[in-house]
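>>> Got a sequence here, can you model it:
(chains A and B)
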Amino acid sequence: VILSIVPVLLITLLIGARGVAAMRTTSDFLVASRRISPTVNAAAVSGEYLSAASFLGVAGLVVKDGVGALWYPVGFAAGYLAMLALVAAPMRRTGALTVPDFAEARLGSSALRKLSAAVVLVIGFLYLVPQFTAAGQVLAVVSGSPYWVGVVIAGAAVSITLALGGMRAATYVQAFQFVLKLALFIVPAIWLVLQVSPDTRRAALAPVEFTRFDSVTPVQFRLDTDLTIREPTPVAVDGQPQRELPPGEYEVDAGETWVFGAGAAVPEVGAGPLGGADWARPVLDAAGHPVLATWSVLVATVLGTMGLPHILIRFHTSPDGRGARRTAAITVALLSVFYLFPAIYGLLGAVLLPELYLSGATDTVVVALPARVDEGWAGTMFTALLTAGAFAAFLATSLGLLLAVSGALSHDLVPSTLRRLRFTPIVAALGVVLLALPSARIDVGVLVTSAFAVAASTFCPLLVLGIWWPRLTAHGAIVGMVTGLLASAGVIGVDLFLGSPPGLAAILLGQPALWSVPLAFATMVVVSLRGRPPAWASAAMLRLHLDETEPKQR
Amino acid sequence: MRQQRRVAVTSPQTRLALAGRRTGTPAAPPHLAPADAERARRIHHRQLRFALTVLGLLATLLLGLPLLLAGTPVLDTVRLAGIPVSWLAVAVLPYPLLVLLAHWQLRRAERTERGDREPGA
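Now for the predicted structure:
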């Protein structure tokens, strides 16, 4: 099954090499870059965007948190509508490749440029760590290796690909990656739906609470877990003969395998029961504050998309602002097709693999499903296909992000020579691996949403006000971004390291976007109004709204 | 094939941005001819108004739907082809609406730019 990853790498490299070989002369290159249609470009944007969080994380969250988790992909797709309306065309017209570039081009402040680069680092790491975590978990499931081996292999694969020259440059490579991921996600989904029994299909649509094991079920715990057993339960721990455990609290170490007897009661873990009434409600946090929790995720994902460092660069392949706008519009449609399918994996997973919810490995539900449905060659083949797709998702996003992060490091923060630039991605990858090792417990989808929340509270106000409001000053932008950064990243950090308080505070701290984004906007506006923008600020903004086809008078 | 001299190929805007970066000083302060500035002001105004309309609709959809679903649990029991309607409302319904909104926004934004260039159109 591991071998399934190799073809993905090879085909990707091959297309990259062909793309480079086809462009020999300058005019070839010019024509090619003009000929890249918005559709191909949109596929490239989607290819870069569909990360492990989309491919694996959403379905995992459905198993864990319930149907409400399907709001995440809605936000992921809707982000491009906000981008289309507010950012795509003007951003392309600035000629700025990154947000730090934009900050300097529009407001002429190098302090703001440095601050933006620092924010790129924060977003990059928040987005990268869960990618590596997911890769580690998937490799652990398909090969049975420990979690850290998977993370290290993923880090090595990314570093080697980068050292070989990266495959990011070619738009066609990313466009191919999107088609590949789409096919590798949709075909197994359809096969799964057709393959499972009608009873399973019915059960998936009418979930009942997961209270009893139907058959003898081995659960391999991937994390240290606290179980509460309410009634005497027959269990065989790590291959020992089965015995009856009396009710009480049990601590399970990561790596242990508990085999529960048929008919045994399912022990309780921290979160609520799977498949209960709250699980089936199509809102997040159904038992607590469903509206606030769902809104918070939506605000973060919709407004955060425009600030993702690896996506903005992609729009530069469009020849002009109009092309960039078309690209964003087509991206909405392409992503909408993809995001129709995570629900299938999530719902089937909740019925067929409820024990994942005990073992803490819900993010692996997508790759674990085919083997459960069919134990023959077909199941193995589809596991291989899905693993390849997950790895493609991980690779595309990680490479783009690592380049964005190392660009910010070596270009904006530390003035450097090319030599250092070459090694920065490797160093950044190493840093991510070290951070990913202790974060096995964190859900891919949740951490990625934190990255969106930070982007929404910092870059979103900067870009939107910078493009649409002539009175924005550099000072206002700096104060607003620092406020947004502290309110989002700071609060999420406190929440991660100190544990979340119960109730309403958990939402306000864990998903702060609902209040941190308005706060950042307000700070930026108020501080800007107290200052005075330079005389050229109005022209700097207005020029972003003129389309390029009009011959300019010089 | 003969070796050709290598040339960096960039769009004019990119070249401008890169030039400013390389010298360490920002490129010359941007300026617009009065006619261009007037036209840009008009486009900016119209685009902003329309972008806010679309975003308002998006906000209504994305903030209103969870509110509706949280408030009406009865939708969980109504089924369409065996699937609870409330599930369809989050898993399927938003996407065609998003595509429609995107299409509309794109057409209007392009027409704003074009229409302003050809007076009377």
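
>>> going on from the lowest-mean-pLDDT helix or strand in chain B, what's the next piece of helix or strand?
Within chain B, judged by mean pLDDT, DSSP states H and E, the helix or strand with the poorest mean is helix B:12-23; its value is a mean of 56. Where DSSP states H and E defines the elements, the next helix or strand beyond helix B:12-23 is helix B:34-71.

>>> Excluding its own residues, what touches the next helix or strand after that next one? List them.
Once helix B:34-71 ends, the next helix or strand along the chain (criterion: DSSP H and E) is strand B:79-80. The list of residues contacting strand B:79-80 from outside it, by CB atoms under 8 Å, 6 or more residues apart in numbering or on different chains, reads A:205, B:85, B:88. All C-beta spots, glycine's among them, are computed from the backbone N, C-alpha and C.

>>> buried residues in the helix or strand hosting the last one?
What it means is residue B:88. Residue B:88 belongs to helix B:85-91 when assigned by DSSP H and E. Buried residues in helix B:85-91, counted by 16 or more other CB atoms under 10 Å in any protein chain shown: B:85, B:86, B:87, B:88, B:89, B:90, B:91.

>>> Past it, which element shows up next along the chain?
Read in the C-terminal direction, the helix or strand following helix B:85-91 is helix B:94-117, with elements assigned using DSSP H and E.

>>> Residue A:517 touches residue A:303, doesn't it?
Yes. The pair residue A:517 and residue A:303 passes the contact test of CB atoms under 8 Å, sitting 5.9 Å apart.

>>> intersection of neighbour lists for these two?
Common neighbours of residue A:517 and residue A:303 are listed as A:456, A:460 (criterion: CB under 8 Å, 6+ apart).

>>> Which of the two has more residues huddled nearby?
The neighbour comparison of residue A:517 against residue A:303 (other CB atoms under 10 Å in any protein chain shown) goes to residue A:303, with 28 against 25.

>>> what residues are up against residue A:538?
With contacts taken as CB under 8 Å, 6+ apart, residue A:538 has the following neighbours: A:470, B:37.

>>> chain center to whichever strand or helix holds it, what's the gap?
Residue A:538 belongs to helix A:537-542 when elements are defined using DSSP H and E. With CA atoms, centre = their mean, to the nearest Å as the basis, the distance from the averaged C-alpha position of helix A:537-542 to the chain average is 34 Å.

>>> Now do residue A:216: how many residues are near it, please.
Neighbours of residue A:216 (other CB under 10 Å): 14.

>>> Tell me where the model's unsure across chain B.
By pLDDT under 70, the low-scoring segments of chain B are B:1-31, B:116-121.

>>> next SSE after the helix or strand that contains residue A:185?
Taking DSSP H and E as the criterion, the element that holds residue A:185 is helix A:171-195. Toward the C-terminal end, the helix or strand that comes next after helix A:171-195 (DSSP H and E) is helix A:198-205.

>>> what pairs with the helix or strand just after that next one, and is each one parallel or antiparallel?
Beyond helix A:198-205 in the direction of the C-terminus, DSSP H and E gives the next helix or strand as strand A:217-220. Pairing partners of strand A:217-220, with direction, according to DSSP bridges: strand A:257-260 (antiparallel).

>>> Just the C-alphas of the partner strand, formatted as PDB.
Once non-C-alpha atoms are left out, strand A:257-260 reads as follows in PDB (Å, rounded to 0.1, in the frame of the first residue of the first chain):
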ATOM      1  CA  THR A 257      -4.900  -2.900  21.800                       C
ATOM      2  CA  TRP A 258      -8.100  -3.700  23.700                       C
ATOM      3  CA  VAL A 259     -10.400  -6.400  22.200                       C
ATOM      4  CA  PHE A 260     -14.000  -5.800  23.300                       C
END
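
>>> Give me the residues contacting it.
Residues from elsewhere that reach strand A:257-260 (CB under 8 Å, 6+ apart): A:213, A:216-221, A:233-239, A:242, A:252, A:266.

>>> Which among the residues you listed count as buried?
Using 16+ other CB under 10 Å, the buried members of those are A:213, A:217, A:219, A:220, A:221, A:233, A:234, A:235, A:236, A:252, A:266.

>>> which ones are touching the first one?
This points to residue A:213. Counting by CB under 8 Å, 6+ apart, residue A:213 touches A:260, A:261, A:262, A:263, A:264, A:266, A:355.

>>> quick one: low-confidence parts of the stretch 401-550 of chain A?
For the stretch 401-550 of chain A, the ranges with pLDDT under 70 are A:414-423, A:440-441, A:443-445, A:499-504, A:548-550.

>>> The same query, at a cut-off of 50, please.
Within the stretch 401-550 of chain A, the stretches falling below the threshold (pLDDT under 50) are A:550.

>>> and if you look at chain A?
If you take pLDDT under 50 as the line, chain A has these spans: A:21-32, A:166-168, A:550-554.

>>> Now it against chain B: closest residue?
Residue of chain A nearest chain B, by CB to the nearest CB: residue A:95 (2.9 Å).

>>> Confirm for me that that residue is in contact with residue A:106.
No. Using CB under 8 Å, residue A:95 makes no contact with residue A:106, being 11.0 Å away.

>>> These two: who's more crowded?
Here residue A:95 and residue A:106 are compared on neighbour count by other CB under 10 Å; more neighbours surround residue A:106, at 26 against 22.

>>> Any figure for the gap between residue A:475 and residue A:413?
Here the criterion is CB to CB, to the nearest Å. By it, residue A:475 lies 21 Å from residue A:413.

>>> what sits against residue B:95?
By CB under 8 Å, 6+ apart, the contact set of residue B:95 is A:74, A:77, A:336, A:337, A:339, A:340.
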